[in-house]
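*Asks:* A predicted structure for the sequence below; I have some questions about it.
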Amino acid sequence: MARFTGSKAKINRRFGEPIMGYTKSLEKKSYPPGMHGQSRKKKQPSEYATQLKEKQKAKMTYGLLERQFARFYSEAVRKKGVTGENLLKLLEARLDNTVFRLGVAPTRRAARQLVAHKHITVNGRVAGIPSLVLRAGDVISIKEKSKGLAAITQALGNRESKYPWLEWNSDTLKGIFLAMPEKDQIPENIHEQLIVELYSK
C-alpha cells in the first residue's frame with residue numbers, strides 16, 4: 001500500500017500550516033524548508049504554481065497519492081453539484097478520515113493503519129480498505145478484539161472534537177456517518193476552486 005513516508009515537519013513548513021499534525025518545527029522555523037528557505041526572496045507565484053500548491057496541500061492533508069487523488073476528482077466531476085465541494089465531501093467521507101474525525105485515531109495516518117490492519121468494521125463487517133467512501137447511515141465501530149488496544153484507548157481518552165455529520169456513542173464505541181458534510185462544516189483550509197481550475201487546464 002503506497003503512502004507518504006517523508007518528514008511531516010518539512011511538509012508543514014512548506015505550506016506554513018500543520019497539515020500533517022502538530023510539530024514544533026513550525027513554530028521555531030516559520031520559513032520554508034531547505035538551505036535557502038530563510039534567505040529566499042519572496043516573489044509572487046504564478047497562477048499555475050498557486051493552483052498546484054493547493055492540490056498538493058489537499059493530497060498531503062488527506063494522505064493521498066496522485067493517482068488516488070485524480071480518481072476522487074473524476075468521481076467529483078461526475079456527481080451533481082459543485083465539483084470542488086463534491087471533491088472535499090468525498091475526501092471527508094473516506095473511511096480512514098472518518099475514523100480520524102471520530103477520535104478513534106490521533107492522526108489520519110494512524111487511522112489508515114487501523115483500517116488496513118482490520119481493526120475497524122462498517123455495518124458489522126470488517127473493512128480493510130481506507131479509501132472506502134461511506135454513505136449516510138453507515139455504522140463505524142471498533143472490532144471487539146481491538147477495543148482494548150492501547151493506541152485506541154489513548155486516542156479515545158483525548159477525544160474532544162465533534163463534527164455535525166458524525167455521531168459517536170462512547171458506551172458502545174460506535175459511530176454513525178449521518179450525511180455528507182457541507183462545505184462550511186469542513187475545518188480544513190483548502191481552496192477547492194483552485195484545484196478545479198488546475199484540472200480544467
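*Replies:* Structure's in. What do you need? Residues are numbered from 1 along each chain as shown.
*Asks:* helices along the protein, start to end?
*Replies:* 8-15, 25-28, 47-62, 66-78, 83-92, 95-102, 108-116, 150-157, 192-199 (DSSP state H).
*Asks:* can I get the CA coordinates of the fourth one in CSV?
*Replies:* It refers to helix 66-78. Presented in CSV, the C-alpha positions along helix 66-78 are these (Å, rounded to 0.1, in the frame of the first residue of the first chain):
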residue,chain,number,x,y,z
GLU,A,66,-1.5,11.4,-7.3
ARG,A,67,-3.5,8.6,-8.9
GLN,A,68,-5.8,8.2,-5.9
PHE,A,69,-6.5,12.0,-5.8
ALA,A,70,-7.2,12.1,-9.6
ARG,A,71,-9.7,9.2,-9.1
PHE,A,72,-11.5,11.1,-6.5
TYR,A,73,-11.6,14.3,-8.6
SER,A,74,-13.0,12.3,-11.6
GLU,A,75,-15.8,11.0,-9.3
ALA,A,76,-16.5,14.5,-8.1
VAL,A,77,-16.9,15.7,-11.7
ARG,A,78,-19.5,13.0,-12.4
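*Asks:* average pLDDT for it?
*Replies:* For helix 66-78, mean pLDDT is 96.
*Asks:* so what touches that helix?
*Replies:* 55, 58-59, 64, 83-84, 86-87, 90-91, 131, 195, 199 (CB atoms under 8 Å, 6 or more residues apart in numbering). In this view, the C-beta of every residue, glycine as well, is placed from N, C-alpha and C.
*Asks:* could you list the low-confidence segments of this protein?
*Replies:* Within the chain, the stretches with pLDDT under 70 are 1-42.
*Asks:* which one is R101 nearest to, not counting chain neighbours?
*Replies:* Nearest non-adjacent residue to R101, counting by CB to CB, 6 or more residues apart in numbering: Y163, 5.4 Å away.
*Asks:* which residues touch the one you found?
*Replies:* 101, 181, 185.
*Asks:* go again with 10 Å.
*Replies:* 92, 98, 101-103, 178, 181, 185-187 (CB atoms under 10 Å, 6 or more residues apart in numbering).
*Asks:* before we move on, the earlier item: now the contacts of helix 66-78 in CSV, with distance to A116 and neighbour count?
*Replies:* As requested, those are exported to CSV (distance: CB to CB, whole Å; neighbours: other CB atoms under 10 Å):
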residue, distance to A116, neighbour count
K55, 25, 21
A58, 21, 23
K59, 19, 20
L64, 14, 22
T83, 29, 17
G84, 29, 20
N86, 26, 22
L87, 23, 24
L90, 20, 20
L91, 18, 25
S131, 10, 19
I195, 26, 25
Y199, 28, 17
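*Asks:* as a markdown table, these with distance to G124 would be great.
*Replies:* Converted to a markdown table, those look like this (distance: CB to CB, whole Å):
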| residue | distance to G124 |
| --- | --- |
| K55 | 36 |
| A58 | 32 |
| K59 | 32 |
| L64 | 27 |
| T83 | 34 |
| G84 | 34 |
| N86 | 29 |
| L87 | 30 |
| L90 | 24 |
| L91 | 25 |
| S131 | 20 |
| I195 | 35 |
| Y199 | 37 |
